[in-house]
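*Asks:* Can you look at this prediction? I've put the sequence above it.
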Amino acid sequence: MNLSPRGELGAQLRLATPLAAQQVGLVLMSLVDTAMLGRYHPDALAGAGIGNALTFAITCLGLGIVLGLDPLIAQALGAKEGARTPALLRDGVGVAVRVGAAITLALCAVPVVLGLAGVEPAVADEARVYVYARALGTVPFLCQIALRSFLQAHGRTTPLIVAVIVGNVVNAVLDWILIFGEPRLGIPALGSIGAAIATSAIVVGTAAYYARAAGAISRTLPVPATAPPPATRDIFRIGTPIGLQLFAEVAAFALAGVLAGRLGATPAAAHQVALQLASVPFSITIGIGAAAAVRVGLAVGAGDPVAARRAGLTSLALGAAVMSTSATIFVLAAEPLAAIFTDRAAVILAAIPLVQIAAVFQLSDGAQAVAAGALRGAGDTRAAFIANVFGHYLLGLPVALALTFALDLGARGLWWGLSVGLTGTAVALIARFLWLTARPIARAQRP
């Protein structure tokens, strides 16, 4: 692990590039959904966007819990205890199934929020059926996350890329057939529910493919001399704060989507267009953050805090390079980018200022995603939750409400509030990582 800065950069790029590509591929599926629904009907675009935001916000609780597996596997490998990792994976999949089943039931109650929030009835109807169809993929999605933790920690990223490429092709075909219908096959136009069915089908197939790849790795590892201790409690202990952190962050954006829905179908659709665009560079930094979790975890497992600090700072530099580029593109090409997702002039016009505001918070958005990943690798997951609550709910949300409704800035006010929240979160997380890596770091679990 004692690499030079250039060596660490090379290791980061080798790991982060496929992970970022996988994240971009996942977002690309959502972009295709958005582009097709934008040409189907504005209500379907807005409804699916709100439904997706609410579904993902709730699912993030389970996603975060399962991500508690990340530092456990990475630190075990860093400590030369690779034989323990199949048992860790089994415990992680068990957690994914139990938590996923509970979240599936919770999602069935989510549509009640739409009526209470005053979302337009046509948009709320589209969101409701979308949520129900997406709920079916919750358990396989969380199992997929556990399997991905195992694969990326072992440096096997090819299955992640293959799955996302095939998944995007199949998703595009299914979207076209299910959203617009195919009379020759007797399939009616399903709109937003068709997009949700396509996404759930891809999730199931991806989980099965990951399981096959993980099984091949497990068969090459030696059998431990003694049975490893159960890791279920450690996964929940480490992962629960991650789930709360992700929920706090994603719920802030979901709440912004619901508030945009109160402003009307056009502002809600414009909000979804800008959000989809912002999600592309953000997905790259999520991949960089995942690489940071692995690299920092390996260093912590090896007992090397200097290498852990170097890995985190290298990841932050990579994230800053990506987000500086995206910010420039958003400023210079807001209109043509918005036109990718809809041919409705009113929606494009409303989306342009939101895309330009997104350019302002690119560095903050990337920094907080990468820093959270680095802290996850170090086993510190509570700080990210606290930082997100502080940034989004004590800073960002009050600013968003004041600008949107008191000063009548509409959706632009929501996005300026999001910018403030992301900046506060990023500053807090970077400061925490620098403080933590200035001293020896304890492993998340001892054998």
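*Replies:* Great, that's in hand.
*Asks:* my guess is residue 16 contacts residue 287, does it?
*Replies:* Yes: contact criterion CB atoms under 8 Å: residue 16 and residue 287 qualify, at 5.8 Å. Every C-beta, even on glycine, is put in place using the N, C-alpha and C of the backbone.
*Asks:* So for stretch 197-212, what gets flagged as buried?
*Replies:* 197-207, 209-211 (16 or more other CB atoms under 10 Å).
*Asks:* What of stretch 349-365?
*Replies:* Neighbour count says stretch 349-365 has 350-365 buried, by 16+ other CB under 10 Å.
*Asks:* Pick the one among those residues closest to residue 45.
*Replies:* Closest approach between the buried residues of stretch 349-365 and residue 45, by CB to CB: residue 351, at 11.2 Å.
*Asks:* quick revisit: and the two most separated of the buried residues of stretch 349-365?
*Replies:* Largest separation among the buried residues of stretch 349-365 by CB to CB: 350 and 363, giving 24.9 Å.
*Asks:* Look up how far residue 61 lies from residue 243.
*Replies:* Per CB to CB, to the nearest Å, residue 243 is found 4 Å from residue 61.
*Asks:* show me the contacts for residue 87.
*Replies:* Residue 87 sits next to 224, 227-228, 231 when contact means CB atoms under 8 Å, 6 or more residues apart in numbering.
*Asks:* if you skip the residues just before and after it, what's nearest to residue 322?
*Replies:* residue 284 (5.0 Å; CB to CB, 6 or more residues apart in numbering).
*Asks:* and the one you found, helix, strand or coil?
*Replies:* helix (DSSP: H, G, I helix; E, B strand; the rest coil).
*Asks:* I'd say it and residue 23 touch.
*Replies:* Yes: counting by CB under 8 Å, residue 284 touches residue 23, with 6.6 Å between them.
*Asks:* Any chance you could list residues touching both of those two?
*Replies:* Counting by CB under 8 Å, 6+ apart, nothing touches both residue 284 and residue 23.
*Asks:* What are the neighbouring residues in contact with the nearest residue to residue 339 once chain neighbours are set aside?
*Replies:* Nearest non-adjacent residue to residue 339, counting by CB to CB, 6+ apart: residue 348, 5.5 Å away. The contact partners of residue 348, by CB under 8 Å, 6+ apart, come to 273, 335, 338-339, 342.
*Asks:* got it, and residue 426?
*Replies:* Counting by CB under 8 Å, 6+ apart, residue 426 has contacts 363-365, 367-368, 371, 391.
*Asks:* which one among these gets closest to residue 142?
*Replies:* For those, the nearest to residue 142 is residue 368 (23.1 Å; CB to CB).
*Asks:* Next up, identify which helix or strand the closest one is on.
*Replies:* If you go by DSSP states H and E, residue 368 is part of helix 362-377.
*Asks:* helices or strands next to that helix in the packing?
*Replies:* Applying 3 or more CB pairs under 8 Å, 6 or more residues apart in numbering; DSSP states H and E, one finds that helix 362-377 makes contact with helix 69-78, helix 265-301, helix 305-332, helix 382-388, helix 411-436.
*Asks:* okay if I get the ones you listed as CSV plus mean pLDDT?
*Replies:* Formatted as CSV, these follow (pLDDT from 0 to 100):
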stretch, mean pLDDT
helix 69-78, 86
helix 265-301, 85
helix 305-332, 91
helix 382-388, 87
helix 411-436, 90
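*Asks:* any chance of those in JSON lines, plus distance to residue 38?
*Replies:* Formatted as JSON lines, those follow (distance: least, CB to CB, whole Å):
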{"stretch": "helix 69-78", "distance to residue 38": "35"}
{"stretch": "helix 265-301", "distance to residue 38": "7"}
{"stretch": "helix 305-332", "distance to residue 38": "19"}
{"stretch": "helix 382-388", "distance to residue 38": "30"}
{"stretch": "helix 411-436", "distance to residue 38": "16"}
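*Asks:* Fine, thanks again, bye for now.
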